[in-house]
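Student: Quick one, what's the 3D model for this:
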Amino acid sequence: MLRSHSCGELRLENLNNEVTLAGWITGKREFGPILFLVISDRFGETQIVCESKTMVKQGAALSLEDVVAVSGVVRDRGDNRTTKITTGDIELRASSITLLNKSKPMPYDHKKNASDTIKLAYRYLDIRKSDIRDKLIVRSKAASVVREYLDALGFNDIETPMLNKSTPEGARDFLVPSRLASGSFYALPQSPQIFKQLLMVAGMDRYYQLTKCFRDEDLRADRQPEFTQIDIEMSFVDEDDIMQMAEDMVRTVFKKVIDADLPSHFPTISYAESMEKYGTDAPDTRFGLEIQNLAPLFANSEFNAFKSAATAKGMAVKGIILPDAFASYSKNQLKKLEKEVQGDGAKALSWFAKVEGEITTPLLKFLSESELETIANMVDENGIMFAIADKESTVLTALGNLRKKLALTHNLYDTNSFSALWVTEFPAFEYDEDSDRWSATHHPFTDFDVDAVERGEEMGKITSRAYDMVINGHEVGGGSIRIHAAEKQKKVFQLLNISDEEAEEKFGFLFNALQFGAPPHGGIAFGFDRLIMLLTGTSSIRDVIAFPKTTSASCMMSGAPAPVRTLQLSELHIAVKKED
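Tutor: Numbering: from 1, shown residues only. I've put the predicted structure just below:
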């Protein structure tokens, strides 16, 4: 056995014991004729004392990050005890040191700010030397808690295929060429949606899996081309059943993994209310700054930009009131905020501040006394109201992002707190201007009142039986009650202008399955990486994935994606088109 204990395990109760530790040399210092080493592993670190000439000579020959096994006797550090490490009460007097592997010099100093590029190129070292290791341990514990919770409720952990037929919906598929079927391709799953519904038809009743999903889309801080879902489906349930189960699971994970207490009941708001108040369907409710409708204030204004937006269909004038903050803003900072909302598509950002009871604003000469008086009654001393007049969708997006920016800048919430809620009543359909057609907001299998169309309701106002769980402004899970009747599913395809031939080509095996006694069913899928991001208090899912991709979907460490040999392409019946 190469070790008897881990490097973070020894305590005073181990005094005078003969032990062997194994790990990396992470510290080295001379103190007169004595040499001190620090040996580390993922469990902690222990101070090693080399006192004999033989041990000092052997220890001196070691380099940082060499892999060693050290045997010796545990002794009390006495007056040199420290609380900085868990083994700070003891040290190991070395009697033998075995070099298990020599290390090259580290390619970067982990104690200094190295570039992301070099840290990703040597990701295994970054894991070993940084808190990413601790985040991966949290990830492992969370996965264990999820499985334990669902297993106790009678769920079955069932794998679904990684190689399937391409059914282009939403993001682009990652395609895998078939060697045996010339010119044909598999697709990596964007989610196991169809298969988990088939498992309900199969009578499995309660299914889950922690599974990889793949989407070929543009990346950002909380998105990767391959990511992990907690995928769940249940039979003979409605929304309340699934939402209650999901709440309990998430509460259990937060409690057992980081000892955080989430509310006993998550509040629910509609999609429409969420957009109106927060400018997003994933609101952060740890702070206020709710969006306010300013159209009544400016409906008769002489300032035409506000008046036209307040009265025209599809336009809006809305704002956010930030209390006690105007004195902290310079003209350049206000211009910077305006550029940021312009980046969201808004034409301009107006501001109104209250100073010594009076409103000051660059628009002062365009506003009436009545308008200024109303604004003064809305804004407290040293407060500032930001307003945008534009297309309603643009206004909501810009103010929603500005709201989050202001809250972060002014520390309006406790970064260690958690606010969870449900968003429901999503639009069943959204209009795609590029293709000039309606498409399903989530997917075409989400249930809704199909007869509403026949009653003459507008497609854009019909709501679905979908629901999202949001924590601290991040959508961590989303799902819906599914359509389980074949005839109803056929009607939905017709509403979406999906022909019988196209429906058969894309979803034929699911449509056929629904005709064999499919039970009422629904489910939810959690973004496991996002959940771990919240549990560990980081801002990027890249920090909680062992070997992540960059924003260009490449791996700095392995060099993927990379060209392959011509012979491999030939076997797959593929020719690579050269760039012009």
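Student: Thr20 belongs to a helix?
Tutor: No. Counting by DSSP: H, G, I helix; E, B strand; the rest coil, Thr20 is not found in a helix; it is strand.
Student: now it: how far from Ile462?
Tutor: Here the criterion is Cβ to Cβ, to the nearest Å. By it, Thr20 lies 69 Å from Ile462. Heads up, the C-betas are built off the backbone N, CA and C, glycines and all.
Student: before we move on, what about Val74?
Tutor: From Val74 across to Ile462, the span is 71 Å (Cβ to Cβ).
Student: Same check on Ala398?
Tutor: Distance from Ala398 to Ile462, by Cβ to Cβ: 27 Å.
Student: Looking at those two now, which is surrounded by more residues?
Tutor: More neighbours surround Ala398 than the other of Ala398 and Ile462, with 24 against 18 (other Cβ atoms under 10 Å).
Student: Helix, strand, or coil at that one?
Tutor: Secondary structure, three-state DSSP: Ala398 is helix.
Student: Isn't it up against Lys339?
Tutor: No. In this structure Ala398 lies outside contact range of Lys339 using Cβ atoms under 8 Å: 11.5 Å.
Student: Measure how far stretch 25-41 is from the centre of its chain, please.
Tutor: Distance of stretch 25-41 from the chain centroid (Cα atoms, centre = their mean, to the nearest Å) equals 41 Å.
Student: Can you get me the start-to-end distance on that stretch?
Tutor: Its start and end residues considered, stretch 25-41 measures 9 Å (Cα to Cα, to the nearest Å).
Student: Identify all contacting residues around that stretch.
Tutor: With Cβ atoms under 8 Å, 6 or more residues apart in numbering as the contact definition, stretch 25-41 has outside contacts at 6-8, 21-24, 45-51, 55-56, 59-60, 62-66, 68, 70, 94.
Student: Quick check, pLDDT for the closest residue to Tyr122 other than its chain neighbours.
Tutor: Distances taken as Cβ to Cβ, 6 or more residues apart in numbering place Pro107 nearest to Tyr122, at 5.5 Å, with adjacent residues excluded. Listed pLDDT for Pro107 reads 95.
Student: for Pro107, phi and psi?
Tutor: Main-chain torsions, Pro107, degrees, to the nearest 10: phi -70, psi -10.
Student: residues contacting it?
Tutor: 118, 121-122, 125.
Student: Asn164 too?
Tutor: By Cβ under 8 Å, 6+ apart, the residues touching Asn164 are 186-189, 195.
Student: Repeat that for Tyr208.
Tutor: Contacts for Tyr208 (Cβ under 8 Å, 6+ apart) come out as 150, 155-158, 230-233.
Student: Mind doing that once more with 7 Å?
Tutor: Neighbouring residues of Tyr208 by Cβ atoms under 7 Å, 6 or more residues apart in numbering: 150, 155, 157, 230-232.
Student: Identify, from those, the entry nearest to Asn113.
Tutor: Nearest to Asn113, judged by Cβ to Cβ, of those is Ile230 at 34.3 Å.
Student: hang on, that closest one in a helix?
Tutor: No. Counting by three-state DSSP, Ile230 falls outside a helix, being strand.
Student: what about the residue nearest to Lys354 when sequence neighbours are not counted, distance to Val355?
Tutor: Excluding the flanking residues, the one nearest Lys354 by Cβ to Cβ, 6+ apart is Val379, at 4.4 Å. Here Val379 is placed at a distance of 10 Å from Val355 (Cβ to Cβ).
Student: For the two, indicate the residue with more neighbours.
Tutor: Neighbours per residue (other Cβ under 10 Å) separate Val379 from Val355, with Val379 holding more: 20 against 13.
Student: doesn't Glu373 make contact with that one?
Tutor: No. Using Cβ atoms under 7 Å as the test, Val379 is too far from Glu373 to be in contact (11.3 Å).
Student: Could you pull out the strands in the stretch 251-400 of the chain for me?
Tutor: Applying DSSP state E, counting those that start in this stretch to the stretch 251-400 of the chain gives strands spanning 268-270, 292-293, 315-322, 350-355, 358-360, 384-391.
Student: Run me through the strand neighbours of the shortest one, direction for each.
Tutor: Same thing as strand 292-293. strand 315-322 (antiparallel) (DSSP bridges).
Student: Okay, buried residues for the strand it pairs with please.
Tutor: Buried residues in strand 315-322, counted by 16 or more other Cβ atoms under 10 Å: 315-322.
Student: Turn these into TSV, including distance to Arg455 and pLDDT.
Tutor: TSV is the format used below for those (distance: Cβ to Cβ, whole Å; pLDDT from 0 to 100):
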residue	distance to Arg455	pLDDT
Met315	29	96
Ala316	28	97
Val317	33	97
Lys318	32	97
Gly319	37	97
Ile320	38	98
Ile321	40	98
Leu322	44	97
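Student: Adding distance to Val201, write those out as JSON lines.
Tutor: JSON lines is the format used below for the buried residues of strand 315-322 (distance: Cβ to Cβ, whole Å):
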{"residue": "Met315", "distance to Val201": "47"}
{"residue": "Ala316", "distance to Val201": "45"}
{"residue": "Val317", "distance to Val201": "50"}
{"residue": "Lys318", "distance to Val201": "46"}
{"residue": "Gly319", "distance to Val201": "50"}
{"residue": "Ile320", "distance to Val201": "48"}
{"residue": "Ile321", "distance to Val201": "52"}
{"residue": "Leu322", "distance to Val201": "53"}
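Student: Closest one to Ala553 out of those, please.
Tutor: Of all those, Ala553 sits closest to Ile320, with 35.5 Å by Cβ to Cβ.
Student: Can you give me the first-to-last residue distance of stretch 77-88?
Tutor: Stretch 77-88 end-to-end distance (Cα to Cα) = 8 Å.
Student: Now do it, average pLDDT.
Tutor: Mean predicted confidence for stretch 77-88 is 96.
Student: Same check on stretch 22-38?
Tutor: Averaging pLDDT along stretch 22-38 gives 96.
Student: So for it, what gets flagged as buried?
Tutor: 22-26, 28, 35, 37-38.
Student: bridging residues for Gly477?
Tutor: On the basis of DSSP bridges, Gly477 is bridged to Met469, Phe526.
Student: shouldn't it be in contact with Ala525?
Tutor: Yes. Gly477 lies in contact with Ala525 (Cβ under 7 Å); the separation is 6.5 Å.
Student: who's more crowded, the two?
Tutor: More crowded of Gly477 and Ala525, by other Cβ under 10 Å: Gly477, with 25 against 20.
Student: Tell me who's in contact with the more buried one.
Tutor: Counted by Cβ under 7 Å, 6+ apart, Gly477 has contacts 246, 468-469, 524-527.
Student: and what of Leu322?
Tutor: Applying Cβ under 7 Å, 6+ apart, the residues near Leu322 are 289, 383-384, 406.
Student: who's it bridged to?
Tutor: Applying DSSP bridges to Leu322 gives these bridge partners: Ile384.
Student: Could you check how far it is from Leu136?
Tutor: Taken as Cβ to Cβ, the span from Leu322 to Leu136 is 39 Å.
Student: again with Phe352
Tutor: Distance from Phe352 to Leu136, by Cβ to Cβ: 49 Å.
Student: Among the two, which residue is more densely surrounded?
Tutor: Taking neighbours as other Cβ under 10 Å, Phe352 and Leu136 compare with Phe352 leading, 25 against 18.
Student: Make sure Val492 is actually in contact with Thr446.
Tutor: No. The pair Val492 and Thr446 fails to qualify as a contact (Cβ under 7 Å) at a distance of 8.8 Å.
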